[in-house]
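Student: the following block contains a protein sequence and its predicted model.
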Amino acid sequence: MSRYRIEGGRRLVGEVTIGGAKNAAVAVIPAVVLSDGPCRIENIPNISDIFVSFDILKALGAQVRMINKTTVEIDPRTICSHVVPHELARNMRASYYFLGSLLGKFGTAKVSLPGGCNFGVRPIDQHLKGFTALGASVPAMIENGMIEATATQLIGNSIYLDVVSVGATINIMLAAVKARGITILENAAKEPHIVDVANFLNAMGADIRGAGTDVIKICGVPHLHGTTYSIIPDQIEAGTFMAIAAATHGDLLIKNVIPKHLESISAKLTEMGAQVEEIDDMVRVTMDGPIKHCNVKTMPHPGFPTDMQPQIAVLLALSDGTSIVTDTVWENRFRYVDELRRMGAQAQVNGKVAVFEGVPMLTGAPVKAYDLRAGAAMVIAGLAAQGITEIDDVHYIERGYEYFIEKLRAVGAEIRRVEIPSPFARRA
Ligand code: UD1
């Protein structure tokens, strides 16, 4: 077991380079299953969710070879199983993308119900509705914790999503890309990683248009070929470092970003008094004066991302007034607020709404990471707080932030990973 120990109160200054996008990579890697040849994927983030994706591919029979720290070569031609076992799927929400890619390639897929961060009910009814519309049969009942989808021939169809879902949009694209005929997906999600997955599939020979708008048209093709592809930079890792710059009243030059993907985050930080400067593929964030209070409402892209909600809330907890945060995407994403209260934050939660009364200072405390982004929020709070913060359950944070400690230390943070002996460890 590990925890992070942070001595807060330092102003962070310097440069940080952002890695590949987690939420794109966890979809692009399963998409390789659809290829008839090897693929080389570059700008892979060094995070535990990616290693789980590789383990799933290997369990299916694919060859996975790291060329260097950020490039992987995957040969799916040796895949001989269509089953993603529970021991692997339970570690990662995005394991459900193997349903779409295995179904699209082999007409059969069996995947254990996915795990991942727990912020409320995470249904996949829209994914299954899409598969069914394409002609797959999906049992009405989940048996032994496994979801199975089969089809002799997938056929394109018109599909209207009842809710805007990132996962369903990508999963339906994966299943439809080799289907016979045309699929029109309406009310699709528009996140940057959806465009990235579509670009990757098109690089393999797919015919997908409209990704990034709410109507995606997929003309099925019989074969997809191997390709080389580079994953986009991680919008949320970049946003997290932007929040870190502001919370520590620091000055960070954040490199390898796509500023357009950061617009909603930049706009909020500017409203809160930060200076945000876009320079080509970099963004510089500085914060001099007090943090101004404001309201934040999360929305599907291009709205403010729910995956940045806990991190921005730390700034609001330290702002000069009252702020209302509404998460319209997830029903239970405020559990971290209890931990912030332990550090002196004043906040009330009522369902999908949290109200923060800004305080001038947080103080270090022992806290835990409830999930990936909640854990990132604890790191930000610890960096901004006076005194020592210890964060437990950091395995959540390491699902999505590569070299987090190293990147933070390089800009002046006093943070280290501490191994804690298991209470069950046998004494010598
Ligand atoms: C993805 C991201 C996650 C992010 C979320 C919203 C990945 C691996 N994860 O999660 O980090 O927080 O997008 O930006 O990319 N819903 C249904 N039925 C479905 C699917 C979703 O009702 O079949 C609802 C969910 O309960 C939720 C909303 O739709 O309220 C959005 O979920 P969705 O966009 O699917 O999130 P994920 O793809 O799981």
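Tutor: It's in.
Student: A168 sits in which helix or strand?
Tutor: Assigned by DSSP states H and E, A168 belongs to helix 166-176.
Student: quick check: mean pLDDT of the helix or strand following that helix?
Tutor: Where DSSP H and E defines the elements, the next helix or strand beyond helix 166-176 is strand 182-186. Averaging pLDDT along strand 182-186 yields 98.
Student: what residues does strand 182-186 touch?
Tutor: Counting by Cβ atoms under 8 Å, 6 or more residues apart in numbering, strand 182-186 makes contact with 130, 134, 156-161, 169, 172-173, 176, 214-220, all of which sit outside it. For the C-beta atoms, the positions are set from N, CA and C on the backbone; glycine is no exception.
Student: narrow those residues to those in helices?
Tutor: Per DSSP state H, helices hold the following members of the contacts of strand 182-186: G130, T169, I172, M173, A176.
Student: so which of those is the most crowded?
Tutor: Greatest neighbour count in the ones in helices among the contacts of strand 182-186, by other Cβ atoms under 10 Å, goes to A176: 33 neighbours.
Student: enumerate every residue touching whichever residue of the stretch 51-200 of the chain sits closest to the ligand.
Tutor: Closest residue of the stretch 51-200 of the chain to the ligand, Cβ to the nearest ligand atom: G167 (2.8 Å). G167 is in contact with R93, A94, Y96, Y97, I124, Q126, H127, counting by Cβ under 8 Å, 6+ apart.
Student: tell me what the host helix or strand of the last one is packed against?
Tutor: Under the criterion of DSSP H and E, H127 resides in helix 125-133. Using 3 or more Cβ pairs under 8 Å, 6 or more residues apart in numbering; DSSP states H and E as the contact criterion, the secondary-structure elements in contact with helix 125-133 are helix 97-106, strand 146-150, strand 158-160, helix 166-176.
Student: among these, show the one with the smallest mean pLDDT.
Tutor: Minimum mean pLDDT among those: strand 146-150, a mean of 92.
Student: re the thing from before, how about JSON lines for the ones in helices among the contacts of strand 182-186, with distance to P30 added?
Tutor: What follows is the ones in helices among the contacts of strand 182-186, written out as JSON lines (distance: Cβ to Cβ, whole Å):
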{"residue": "G130", "distance to P30": "16"}
{"residue": "T169", "distance to P30": "14"}
{"residue": "I172", "distance to P30": "13"}
{"residue": "M173", "distance to P30": "11"}
{"residue": "A176", "distance to P30": "15"}
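Student: SS state for E87?
Tutor: Under DSSP: H, G, I helix; E, B strand; the rest coil, the three-state class of E87 is helix.
Student: show me what contacts it?
Tutor: E87 makes contact with no residue under the criterion Cβ under 8 Å, 6+ apart.
Student: tell me the predicted confidence for it.
Tutor: With respect to pLDDT, E87 has a value of 88.
Student: got it, and R427?
Tutor: Looking at R427, its pLDDT is 49.
Student: close to the ligand: what parts of the stretch 201-350 of the chain are there?
Tutor: By the rule Cβ under 6 Å from any ligand atom, the part of the stretch 201-350 of the chain lying against the ligand is T306, D307, V329, W330.
Student: need those residues in CSV (columns: pLDDT, secondary structure and neighbour count).
Tutor: Formatted as CSV, those follow (pLDDT from 0 to 100; DSSP: H, G, I helix; E, B strand; the rest coil; neighbours: other Cβ atoms under 10 Å):
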residue, pLDDT, secondary structure, neighbour count
T306, 97, helix, 18
D307, 98, helix, 23
V329, 94, coil, 23
W330, 91, coil, 18
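Student: so which of those residues comes closest to I74?
Tutor: Set against I74, the nearest of those by Cβ to Cβ is D307 (26.0 Å).
Student: tell me, how many residues neighbour the closest residue to the closest one other than its chain neighbours?
Tutor: Spatial nearest neighbour of D307, excluding adjacent residues (Cβ to Cβ, 6 or more residues apart in numbering): I236 at 4.7 Å. I236 has 25 neighbours, counted by other Cβ under 10 Å.
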